[in-house]
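Engineer: just a sequence and a predicted model for now, questions to come.
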Amino acid sequence: MRWNIPNLITWGRIALIPVFVLLFYLPQGWLRPEVVDLWATIIFTAAAITDWLDGFLARRLGQQSRFGAFLDPVADKLMVAAALIVLVDLGRAHALAALIIIGREITISALREWMAELGNRGSVAVAFIGKLKTTVQLIAIPVLLYWSPLPHFDTPFWGQAMLWLAALLTIVSMIYYLRRAWPLLREGMT
């Protein structure tokens, strides 16, 4: 494993996960709930920004690596899964929406691994629908984490609506990737 700036940023994102989760399970009275929500929103948003930043720096500095290409999506999926589980536990997200999103991430990761084994990972490369799903998801989660209503913006309502939209886009993107890979999957099963 090469230690470079993008990989260190990705490791930092992974290190933020237990801090993020711990915020919600501190002994009662240590922090006011709205302070916990604000810090969790800041941490999650910082993680989302560093997801973009580490890729940008890897390309810009010529520090792309196979390890970084592996670690970056793992960090993303861990942070999103942790946030969704916390949100379900807090009653801010429906378990079905979280299961759809987490299940799709596991399925598509496994599919990409299988396609790589067949030497055809490019057939399930990231597509626009996947990027759109990720964008909606990365807006919905911080809104649900913040939770407190804002002037002229019903945070709980819009956060949940966006999470359901992300779940719908998750299903559509999973179907898209499975259809792209289906001929090779059928061939690989024989």
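Structural biologist: Sure thing, it's come through.
Engineer: list phi and psi for residue 30.
Structural biologist: Phi and psi for residue 30, reported as degrees, to the nearest 10, are phi -70, psi -40.
Engineer: ugh, wrong one, residue 151
Structural biologist: The phi and psi values for residue 151, taken as degrees, to the nearest 10, are phi -60, psi 130.
Engineer: read off the pLDDT value for it.
Structural biologist: The score at residue 151 is 91. That number is its pLDDT.
Engineer: surely residue 82 meets residue 21?
Structural biologist: Yes - checked against CB atoms under 8 Å, the pair residue 82 and residue 21 is within contact range at 5.6 Å. Backbone N, C-alpha and C define where each C-beta goes, glycine included.
Engineer: check the offset of the longest helix anywhere in the chain from the chain's centre.
Structural biologist: Determined from DSSP state H, the single longest helix within the chain is helix 155-189. Mean-position distance between helix 155-189 and its chain equals 13 Å (CA atoms, centre = their mean, to the nearest Å).
Engineer: contact partners for the most centrally placed residue in the chain?
Structural biologist: Central residue of the chain (CA atoms, centre = their mean): residue 80, 3.8 Å from the mean position. Residues in contact with residue 80 (CB atoms under 8 Å, 6 or more residues apart in numbering) are 101-102, 105, 137, 141.
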